[in-house]
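**Student:** structure of the sequence below:
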Amino acid sequence: MRSIRKVVVLGANGAMGSGSGAVFAAAGIPTVFLARTIEKAEAGRTRAEQLTKGKVSAKSIACGTYSQDLGHALADADLVFEAVAEDLAAKREVFELIDKLRRDDSIVATVSSGLSIGAMCADRSASFRKNFLGIHFFNPPTVIVGCELIPHASTDPGVVAVVRDFLTSVVGREVVETRDTPAFAGNRLGFKVLNEVAQLAEEHGAAFMDQLVGPHTGRALPPLATIDLVGWDVHKAIVDNLYASTHDVAHAQFKLPAYMQRGIDRGHLGRKTRDKGGFFRVEGKGADAKTFVLDARSGDYRPLSEVSPPMPTFVEKMKSAIKSGRHTGAMEVLCTAEGKEAELLRKVLLGYISYGLGLVGEVVERPRDIDRIMGFGFNWAPPSVLVDAIGPGRTIVLLEKAQLPVPMSILEAATHQRPLFNEPAVDTSRFFFVAA
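**Tutor:** From the prediction side, this is the model:
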């Protein structure tokens, strides 16, 4: 049985490169950080030490440069982990070089969040192609344990088995295998919801939408705050790819709002551009900090305290139910609430359920796969948890009323009168949050 005893990370100075390298090193795997300059590689190592809060020492990670150390580092690498820019041409250029220098049986992986795995290695040697796959960590990898494993058509099944065992047994990941489709499973579903809320923010306001679709609906962070954390540029790259590459029922929801493109053109990328912000901008520090929110129509920012709208009564009732430990009660409130705000929230959540479980068969094998990547990758309530909280039969009625496809797994759950989410070790209440 092949084993992975040494990892080389390319692009180790970036957020995903240093974070992924930190995960490998923290698991006791000798890891080499490579970047264009030794200063960048060492900066990646410093960040890895910070991310692991002392679990990784400077001695556990070696540093080097592409020009000086790539050939030597690849000579005995069991896993070559590519984390350069999310650009197909740039990645293909890197893989052409790796193909010339790698050991014949070394495994090569990309951390791409949604580019075609097969397209990346199309011109590579047969040995490279059969040992190549995707390992999609979610950011930050040192905190989020969900992970997608993506083989392409020519990947050796034995390589998939070796990597899966390594990720689960050695690195402690919750691994979901997906097919080589645009944005795979987690980002395809997650960014469908994020971009849909961004589209709705133009009409209803960013502050309102983030409060309406907040943590009480089963997510650790509201949608627009999540986009700010991810970065508007990264969000654009993912949804643009999905809009160009998929043509299903969610196609329109992958279109980047024009106001976001205008913001990107002005350098508004979210938290990474603190002075300009994204949907939200913080000015000042500590007790003097003041939060401003974007007016999507005008492009101006206004104090959040002045524009934050009152929430509908049903939202407060949902929060009260969650505070008392009853997320099923929160879903009951939502299902029976009247008014346009309740209809809007039901539209978003029902779309999440329908589209997510509808990816079964096309992108993943089982409903459990979608549930686990959303639960452990995004820290969102899995679609099946929401179905069980609402009730499969009622979910079908609501989906049909909303003119959304009804996935087969929900029909089967209703027919056999059984829960759809079957993970006894998972406390489903952990996905629902209410601020103290």
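**Student:** now do the one helix or strand in the chain whose mean pLDDT sits lowest: distance to the chain's middle.
**Tutor:** None of the helices or strands of the chain scores lower by mean pLDDT, DSSP states H and E than helix 304-307, at a mean of 88. Centroid separation for helix 304-307 versus its chain: 30 Å, with C-alpha atoms, centre = their mean, to the nearest Å.
**Student:** just checking, what packs against it?
**Tutor:** Counting contacts by 3 or more C-beta pairs under 8 Å, 6 or more residues apart in numbering; DSSP states H and E, helix 304-307 is packed against strand 290-294. Bear in mind the C-beta positions are built from the backbone N, C-alpha and C, glycine included.
**Student:** contacts for the strand it packs on?
**Tutor:** Strand 290-294 has contacts (C-beta atoms under 8 Å, 6 or more residues apart in numbering) with 205-207, 263, 268, 277-284, 300-305, 307-308.
**Student:** and the buried ones among these, selectable in ChimeraX?
**Tutor:** Entered in ChimeraX, the line below selects the buried ones among those, by 16 or more other C-beta atoms under 10 Å:
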select :205,206,207,263,268,277,278,279,280,281,301,304,308
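**Student:** quick one: residue 310 from residue 331, how far?
**Tutor:** The gap separating residue 310 from residue 331 is 22 Å, by C-beta to C-beta, to the nearest Å.
**Student:** when those two are compared, which one has more neighbours?
**Tutor:** Set residue 310 next to residue 331 and count neighbours by other C-beta atoms under 10 Å: residue 331 wins out with 26 against 9.
**Student:** residue contacts, the more buried one?
**Tutor:** Residues in contact with residue 331 (C-beta under 8 Å, 6+ apart) are 386, 389-390.
**Student:** looking at this, it is in a helix?
**Tutor:** Yes. Under DSSP: H, G, I helix; E, B strand; the rest coil, residue 331 sits within a helix.
**Student:** strands of this structure, start to end?
**Tutor:** Under the criterion DSSP state E, the chain contains strands at 7-10, 31-35, 61-65, 79-82, 107-110, 132-137, 146-151, 174-177, 280-283, 290-294, 301-303.
**Student:** what would the ones you listed look like in a markdown table with distance to residue 364?
**Tutor:** Listed next are those as a markdown table, based on distance: least, C-beta to C-beta, whole Å:
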| stretch | distance to residue 364 |
| --- | --- |
| strand 7-10 | 26 |
| strand 31-35 | 30 |
| strand 61-65 | 34 |
| strand 79-82 | 23 |
| strand 107-110 | 19 |
| strand 132-137 | 13 |
| strand 146-151 | 9 |
| strand 174-177 | 7 |
| strand 280-283 | 33 |
| strand 290-294 | 35 |
| strand 301-303 | 40 |
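**Student:** next, format these as TSV and append distance to residue 352 and mean pLDDT.
**Tutor:** Formatted as TSV, these follow (distance: least, C-beta to C-beta, whole Å; pLDDT from 0 to 100):
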stretch	distance to residue 352	mean pLDDT
strand 7-10	34	98
strand 31-35	37	98
strand 61-65	39	96
strand 79-82	31	98
strand 107-110	27	98
strand 132-137	20	98
strand 146-151	17	98
strand 174-177	17	98
strand 280-283	23	95
strand 290-294	24	96
strand 301-303	29	95
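**Student:** highest neighbour count among the contacts of residue 331?
**Tutor:** Among the contacts of residue 331, residue 386 has the most neighbours (other C-beta under 10 Å), with 26 neighbours.
**Student:** could you tell me how many residues sit around the residue lying closest to residue 365 once chain neighbours are set aside?
**Tutor:** Excluding the flanking residues, the one nearest residue 365 by C-beta to C-beta, 6 or more residues apart in numbering is residue 177, at 7.5 Å. Counted by other C-beta under 10 Å, the residues lying close to residue 177 total 16.
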